[in-house]
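Colleague: pasting a predicted model and its sequence here:
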Amino acid sequence: MTAPQVVVHRDKELMAKAAAARLITKIVDAQAARGSASVVLTGGRNGNALLAALAEAPARDAVDWSRLDLWWGDERFLPEGDPERNATQAREALLDAVPLDPARVHAMPAAGGAWGNDVDAAADAYAAELAASAGPADHGPVPTFDVLLLGVGPDTHVASLFPEHPGVRETERTVIGVRGAPKPPPNRVSLTLPAIRAAREVWLLAAGEDKANAVAIALAGAGEIQAPAAGAYGRGRTLWLLDRAAAAQLPKQLYPPASA
Ligand SMILES: O=C1O[C@H](COP(=O)(O)O)[C@@H](O)[C@H](O)[C@H]1O
């Protein structure tokens, strides 16, 4: 488990711009080192704000978009093109504006598609797609993602892993179907904590005062069953990117010195 590093920005707009700049650098470095890069996207307000900031960043042209694999950490199990789908929102914020290779954009299945309304079959299909992309150098049936982005819900959920919900207890499967999620829609597909932990770097994004309690709980040593965000960490780095409002309840010793 990597110890979390915390960076606090003035406000959510600056946080999104700084995270976008950080992500561009990370992708460019990964492409230079390994030929391609892989990023796991998140839904939610902060994930979409990061993508929109990336779309506006002049340095986005430094990325070779054709050598980038995109995956999702979770998806709202709704029909293709539904405005509430995380993939639809990501396409609007960034993906439609950059020259990605469609074969490398690994959206999670939609309801009513190949798996009908069977959310478990959809999850199994995504797990198979991940496993097919993993190589011998990876650490299990998922690729070693360069960066895995996660929004943090006000209840400490990450991806579609909710406190005390069965999904957060999953230790074997990499992808699960979620039913009865406390946040709509009730049916979702989600990576599990073991799949999240396969990433080189996990970046957790939280902005706004409604996230302050969740951030403080997760960073102050809560268990992952009660606070799933506490169980989200990367193999090499775990980075919490916050704005001041979301960091407001952090104990003094967890607040980074440069932001005090
Ligand atoms: O429904 C979801 O919510 C979370 C958090 O979203 P936020 O708007 O509160 O930041 C998000 O991380 C997840 O991907 C999404 O499916």
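Modeller: The structure has been received and is ready for your questions.

Colleague: quickly list what the residue in the stretch 51-200 of the chain positioned nearest to the ligand is bridged to.
Modeller: As assessed by CB to the nearest ligand atom, the ligand sits closest to residue 151 within the stretch 51-200 of the chain, at 2.7 Å. In this view, the C-beta of every residue, glycine as well, is placed from N, C-alpha and C. Per DSSP bridges, the residues bridged to residue 151 are residue 205.

Colleague: residue 44 is in contact with that one, correct?
Modeller: Yes. Using CB atoms under 8 Å, residue 151 is in contact with residue 44, at 3.4 Å.

Colleague: compare the two (neighbour count), which wins?
Modeller: Neighbour totals were compared for residue 151 and residue 44, and residue 151 leads with 25 against 22 (other CB atoms under 10 Å).

Colleague: OK, contacts around residue 45?
Modeller: If you count contacts by CB atoms under 8 Å, 6 or more residues apart in numbering, residue 45 has them with 151, 207, 208.

Colleague: 7 Å instead?
Modeller: With contacts defined as CB atoms under 7 Å, 6 or more residues apart in numbering, residue 45 has no neighbours.

Colleague: alpha carbons of the strand or helix carrying it, as CSV, please.
Modeller: Per DSSP states H and E, residue 45 falls inside helix 44-56. Output of helix 44-56 as CSV, limited to C-alpha atoms (Å, rounded to 0.1, in the frame of the first residue of the first chain):
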residue,chain,number,x,y,z
GLY,A,44,-18.7,12.6,-11.7
ARG,A,45,-18.2,16.4,-11.5
ASN,A,46,-14.5,16.5,-10.9
GLY,A,47,-13.6,13.8,-13.4
ASN,A,48,-15.6,15.7,-16.1
ALA,A,49,-14.1,19.0,-15.1
LEU,A,50,-10.6,17.5,-15.5
LEU,A,51,-11.5,16.3,-19.0
ALA,A,52,-12.9,19.7,-20.0
ALA,A,53,-9.8,21.4,-18.7
LEU,A,54,-7.7,19.0,-20.7
ALA,A,55,-9.7,19.8,-23.8
GLU,A,56,-8.8,23.5,-23.2
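
Colleague: got the residues of the stretch 151-260 of the chain near the ligand?
Modeller: 151, 153, 159, 160, 183 (CB under 6 Å from any ligand atom).

Colleague: list just the nearest of those to residue 115.
Modeller: Using CB to CB, residue 160 comes nearest to residue 115 of those, at 16.5 Å.

Colleague: verify the stated contact: that closest one with residue 188.
Modeller: Yes. Counting by CB atoms under 7 Å, residue 160 touches residue 188, with 3.9 Å between them.

Colleague: now the common contact residues for these two.
Modeller: Common neighbours of residue 160 and residue 188, counting by CB under 7 Å, 6+ apart, are 74, 178, 181.
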